[in-house]
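**Student:** Can you look at this prediction? I've put the sequence above it.
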Amino acid sequence: MNANFTSSRTIGIAAAGILLFVVGFGAGHFLSRGAAEETHGRPIAEDAKKELYTCGMHPNVIQEGPGICPICNMALVPVRGTAPEDGAQGRAAETIAIDPAVVRNIGVRTGEAERGPLRKTIRATGLVVEDETRVGIVNLKVEGWIERVHVDETGRTVRKGDPLLEIDSPQLATAQEEYLIALDNLRRLEGSAAPEIAQGARETFESARRRLLYWNVPEEEVARLERTREVRRAMTLRSPFTGVVASRDVFPGMRVMPGMDLYRIADLDVVWVQASVFDADLPFVSIGQKATLTLSFLPGRVFEGKVAFLAPVLDPMTRDLKVRLEFPNASGDLKPGMYADVSIESVLDEDAVLVPAEAVVRSGARDVVFLARGEGRFAPAEVLLGASGSGGVVQVLDGVLPGDRVVTSAQFLLDSESSFREAVKKMMEGKSGVFPAHGHAGRATSPAGAASLGDLPRIEGEPVRNALFVAPDGSITILCPVMKNEKTIAPGDVYSTYQGMRVYYCCPGCQADFDADPERYLAELDAALGARAQ
């Protein structure tokens with residue numbers, strides 16, 4: 001009798017203990033969920049009785065009070081709350097609080113958003129070439145032989161009217177003789193009583209004169225011929241341009257024919273510089289813009305010029321645009337064939353909000369800066385960026401105001417902290433899309449006791465016993481029966497089949513614990529699901 005009483009009393013105490021554990025766990029989870037909902041978007045009170053702790057390596061592990069991560073055995077760290085910043089006016093979603101000592105240790109630096117002109121400087125490598133409008137070719141219009149060459153070297157500077165060579169041409173001699181005959185005939189018949197005869201003599205003279213001029217015989221040579229009446233077979237050819245002899249193809253004794261190019265003379269007082277700019281920079285380049293040029297062997301010397309021409313089409317191979325710059329070159333320091341560094345500067349906006357380019361965290365989907373609020377507080381703010389400018393600045397069209405302090409270093413650590421806070425918030429706040437089977441408090445261990453199998457999602461035909469909700473993309477999130485962590489099922493995740501249903505876990509270590517005592521963990525699971533449904 002005493003033995004039975006003792007046995008019954010022991011069983012009663014054990015049952016009461018289990019009941020208290022289940023009720024206590026469900027109430028604790030409900031309270032923790034309520035606290036999560038109450039603290040969502042507001043700072044967790046510093047005097048809170050129970051503080052949430054998480055694992056830095058596994059943010060899905062969250063519990064009240066300190067402890068050890070069941071996955072990696074690392075010490076859990078406190079989860080700090082976040083709060084909207086007063087006066088942020090929607091520019092910053094939340095504030096991250098970090099110990100000022102940690103801020104100093106990770107080397108956080110800040111800069112100020114300023115208002116000013118947005119300058120864009122395009123730099124490229126240019127090639128110095130001749131100004132094509134200042135290049136001349138010297139050739140002959142008569143046949144002859146070169147008797148003497150006055151300019152016999154390339155690179156020599158000549159001025160307009162300087163003698164280049166002397167040519168012996170029988171055609172020129174014949175033309176001179178015909179000119180003298182026409183001149184004598186005009187003088188004799190100019191006073192003729194028959195007007196038509198005088199007119200014919202005058203036309204013949206003019207025709208002979210034009211022939212000499214067409215053959216590039218200078219006016220002064222024609223005047224000399226009239227004055228001295230001396231016919232010269234050799235004629236001096238003079239330079240029609242001022243510049244540098246770029247090439248020569250004439251030698252003494254050489255026979256020349258009409259149309260042969262003898263000299264190429266280039267005026268280098270103004271030169272062109274050919275450069276290329278990428279198509280992304282085309283909106284910032286226009287004709288007439290100021291350009292500067294520097295040479296590596298002339299440090300400190302800056303040449304000033306302008307944009308003279310933009311090619312109408314892109315180069316199909318390099319996908320860039322050819323730009324022609326024009327530079328004065330009275331000193332002659334810019335020589336064709338040189339490579340030079342050129343810069344084209346333009347002002348995109350006279351009144352722009354500028355922040356250091358290193359302050360922007362670019363994720364591809366959005367751009368974020370961190371606003372420094374002082375005392376270790378930082379607020380992430382999504383920004384709309386404009387163009388990048390010179391001096392390592394970028395234009396901000398929306399999201400930052402002049403005078404705001406922005407973080408310029410270690411912001412990736414702050415970005416990871418902000419992402420972690422967002423993940424914690426999502427875990428703490430209620431989920432949508434919970435299954436009807438989880439809408440009952442105290443769900444039975446047996447699937448037939450409280451919900452039909454049709455209420456649960458299936459994988460390969462088997463219901464998922466601990467399914468929490470299904471996302472719009474079809475992915476299933478479960479609640480681990482051991483650690484009570486949420487996890488989205490991925491292919492290859494471990495699971496156990498119990499009573500015809502699958503049970504998934506947050507990590508492989510939980511499977512062994514569940515298999516050792518499945519009824520206990522299923523009871524805890526139902527209590528946790530019931531608490532969530534309330």
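**Tutor:** That came through fine.

**Student:** so where do the strands sit in the stretch 1-150 of the chain?
**Tutor:** Along the stretch 1-150 of the chain, counting by DSSP state E, counting those that start in this stretch, strands occupy 52-54, 62-64, 77-78, 96-97, 110-112, 114-130, 135-139, 144-149.

**Student:** strand partners of the longest one, parallel vs antiparallel please.
**Tutor:** What it means is strand 114-130. According to DSSP bridges, strand 114-130 forms sheet pairs with strand 270-278 (antiparallel), strand 339-356 (antiparallel).

**Student:** what's the weakest-modelled helix or strand in this structure?
**Tutor:** One helix or strand of the chain scores below all others by mean pLDDT, DSSP states H and E: helix 447-450, with a mean of 33.

**Student:** what sits against the residue nearest to the spatial centre of the chain?
**Tutor:** The centre of the chain sits closest to residue 388, judged by Cα atoms, centre = their mean, with a distance of 8.3 Å. Shown in contact with residue 388 (Cβ atoms under 8 Å, 6 or more residues apart in numbering): 120, 357, 394-395. C-beta here means a position set from N, CA and C on the backbone, and glycine is covered the same way.

**Student:** so what secondary structure elements neighbour the helix or strand containing residue 205?
**Tutor:** Assigned by DSSP states H and E, residue 205 belongs to helix 195-214. Where contact means 3 or more Cβ pairs under 8 Å, 6 or more residues apart in numbering; DSSP states H and E, helix 195-214 is packed against helix 170-189, helix 219-228.

**Student:** From the chain's centroid, how far away is the last one?
**Tutor:** Centroid separation between helix 219-228 and its chain, computed with Cα atoms, centre = their mean, to the nearest Å, is 70 Å.

**Student:** avg pLDDT for that helix?
**Tutor:** Across helix 219-228, pLDDT averages out at 87.

**Student:** quick one: buried residues of that helix?
**Tutor:** For helix 219-228, the neighbour count (16 or more other Cβ atoms under 10 Å) marks 221-222, 225 as buried.

**Student:** low-confidence ranges in the chain?
**Tutor:** Of all residues in the chain, those with pLDDT under 70 make up the ranges 1-50, 56-60, 79-94, 99, 102, 411-455, 533-534.

**Student:** count of neighbours near residue 145?
**Tutor:** Residue 145: 16 surrounding residues under other Cβ atoms under 10 Å.

**Student:** residues touching it, list them.
**Tutor:** Counting by Cβ under 8 Å, 6+ apart, residue 145 touches 167-169, 253-256.

**Student:** With residue 150 instead?
**Tutor:** So, once contact is read as Cβ under 8 Å, 6+ apart, residue 150 ends up touching 162-166.

**Student:** so of those, which ones are in strands?
**Tutor:** Within the contacts of residue 150, residues falling in strands by DSSP state E are 163-166.

**Student:** And those, which two are furthest apart?
**Tutor:** With Cβ to Cβ as the measure, no two of the ones in strands among the contacts of residue 150 lie farther apart than 164 and 166, at 8.8 Å.
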